[in-house]
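Undergrad: Curious how this folds, go ahead:
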Amino acid sequence: MNVLINEAIRAYQADSNQAILDEIKAAMHYDYLNHGVHGLPDVNYIALRCLRLLSGRLSTIKYGMPDTGGYAEDSPRSTFNYYVGEYNKLFERNCTLENYIEHAPYLCRYYEGAYGYLWQAYKALTGRLQSERAKAAAAIIAEHWPDIEAALLYALDRVDTGRTPREVVRYINRATKTAYIRQQFADKRRVRIGGQTRYVDPYVYTVDYVIFGVGEAKRERLSRRQTALLGRIEAVVTADMAAGFDMADYRTDINGKVTIKVRYIAGKLGIREDSLSRALRTMTAKVS
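TA: Numbering: from 1, shown residues only. Predicted coordinates:
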């Protein structure tokens with residue numbers, strides 16, 4: 001079935017008709033590598049974008065597994081070339097993938113029990129047999145379909161079906177990518193430092209690092225007054241740690257290590273932010 005995309009989306013928006021989702025999911029199993037991407041139905045271009053969201057996972061199949069699932073020399077092409085090559089050389093024939101059926105009876109008679117390997121290779125090369133690579137890809141798509149579907153629903157709920165199919169596809173692809181990435185990093189924190197952006201899992205390296213940005217502070221270098229101030233800061237930090245941290249009150253460095261926000265700590269201690277900032281700079285220089 002090839003649904004018209006705008007009509008299918010209107011049906012979804014009107015009464016949650018699932019045809020558009022079924023079409024996209026089915027199109028994710030299309031062999032774009034061997035059959036190309038031109039002249040396809042609109043849903044295929046959405047499916048192709050969804051596959052790109054899984055490209056990191058799918059690439060492990062592309063580069064790590066031949067069609068048979070075994071070693072590269074056991075691939076359908078290698079198997080076919082080996083058996084047919086031997087047959088052609090011995091009997092001075094010109095058997096190819098295209099005229100294989102004409103030679104099949106003779107090949108079967110010659111190879112007997114081993115003919116099954118050649119027949120399986122032929123079916124794989126002509127698309128009559130689902131390869132191990134295709135099976136692995138299908139398993140990855142099935143595993144991650146709930147997340148892809150949730151992102152697609154976000155886009156389908158918001159797209160304007162009054163636009164052209166091309167504009168609809170472009171919007172759905174952008175919105176789906178945005179929703180999927182946001183979903184994947186929902187439990188992570190976005191950190192941007194020096195033009196570099198990363199999504200990290202916040203964690204406490206050490207209390208000293210939270211306060212000073214160093215793993216182990218040389219606290220003995222602090223004056224009595226500075227040590228007292230450190231004790232008050234540490235009390236706030238350890239209490240927040242016990243409560244599970246509200247990350248809105250703390251920063252995260254590019255590696256995910258939690259550090260204080262001076263403004264927050266100053267507010268908790270009833271100290272001016274600029275005064276605490278100066279004190280911490282002096283203390284950090286001493287303990288580093």
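
Undergrad: can we go C-alpha only for contacts and neighbour counts from here?
TA: Will do.

Undergrad: quick one: the strands in the chain?
TA: 189-193, 196-200, 250-252, 258-260 (DSSP state E).

Undergrad: got the buried residues for the second one?
TA: The one in question is strand 196-200. By 16 or more other Cα atoms under 10 Å, the buried positions in strand 196-200 come out as Tyr199, Val200.

Undergrad: same check, this time on the first one
TA: For strand 189-193, burial by neighbour count (16+ other Cα under 10 Å) applies to Arg189, Arg190, Val191.

Undergrad: And the last one, how far from Ile265?
TA: The one in question is Val191. The gap separating Val191 from Ile265 is 21 Å, by Cα to Cα, to the nearest Å.

Undergrad: Now flag whichever of the buried residues of strand 189-193 is closest to Leu4.
TA: Arg190 (38.4 Å; Cα to Cα).

Undergrad: Excluding chain neighbours, what is closest to Val214?
TA: Closest residue in space to Val214, ignoring its immediate chain neighbours: Asp208 at 6.1 Å, by Cα to Cα, 6 or more residues apart in numbering.

Undergrad: now Phe185
TA: Nearest to Phe185 is Tyr199, by Cα to Cα, 6+ apart, at 6.9 Å.

Undergrad: State the pLDDT value of that neighbour.
TA: You'll see Tyr199 listed with a pLDDT of 76.

Undergrad: wait, it sits on Arg182?
TA: No - if you go by Cα atoms under 8 Å, Tyr199 and Arg182 don't touch, sitting 10.4 Å apart.

Undergrad: so who does Leu51 touch?
TA: Met28 (Cα atoms under 8 Å, 6 or more residues apart in numbering).

Undergrad: and the top helix by length along the chain, what does it pack onto?
TA: When the chain is parsed with DSSP state H, its longest helix is helix 132-158. Where contact means 3 or more Cα pairs under 8 Å, 6 or more residues apart in numbering; DSSP states H and E, helix 132-158 is packed against helix 5-15, helix 55-64, helix 165-184.

Undergrad: CA atoms of the longest one as PDB?
TA: Taking Å, rounded to 0.1, in the frame of the first residue of the first chain, the C-alpha atoms of helix 165-184 are listed here in PDB:
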ATOM      1  CA  PRO A 165       4.000  17.000   0.600                       C
ATOM      2  CA  ARG A 166       7.600  18.000   0.200                       C
ATOM      3  CA  GLU A 167       7.300  20.700   3.000                       C
ATOM      4  CA  VAL A 168       5.400  18.200   5.100                       C
ATOM      5  CA  VAL A 169       8.200  15.600   4.800                       C
ATOM      6  CA  ARG A 170      10.800  18.200   5.600                       C
ATOM      7  CA  TYR A 171       9.000  19.400   8.700                       C
ATOM      8  CA  ILE A 172       8.400  15.800  10.000                       C
ATOM      9  CA  ASN A 173      12.000  14.900   9.500                       C
ATOM     10  CA  ARG A 174      13.200  18.000  11.400                       C
ATOM     11  CA  ALA A 175      10.700  17.600  14.200                       C
ATOM     12  CA  THR A 176      11.200  13.900  14.600                       C
ATOM     13  CA  LYS A 177      15.000  14.400  14.800                       C
ATOM     14  CA  THR A 178      14.500  17.100  17.500                       C
ATOM     15  CA  ALA A 179      12.100  15.000  19.500                       C
ATOM     16  CA  TYR A 180      14.200  11.900  19.300                       C
ATOM     17  CA  ILE A 181      17.400  13.600  20.400                       C
ATOM     18  CA  ARG A 182      15.600  15.300  23.200                       C
ATOM     19  CA  GLN A 183      14.200  12.000  24.300                       C
ATOM     20  CA  GLN A 184      17.500  10.200  24.200                       C
END
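
Undergrad: what angle do that helix and helix 5-15 make?
TA: 50 degrees (axes from the mean of the first three to the mean of the last three Cα atoms, to 10 degrees).

Undergrad: What residues of helix 165-184 count as buried?
TA: Pro165, Val168, Val169, Arg170, Tyr171, Ile172, Asn173, Ala175, Thr176, Lys177, Ala179, Tyr180.
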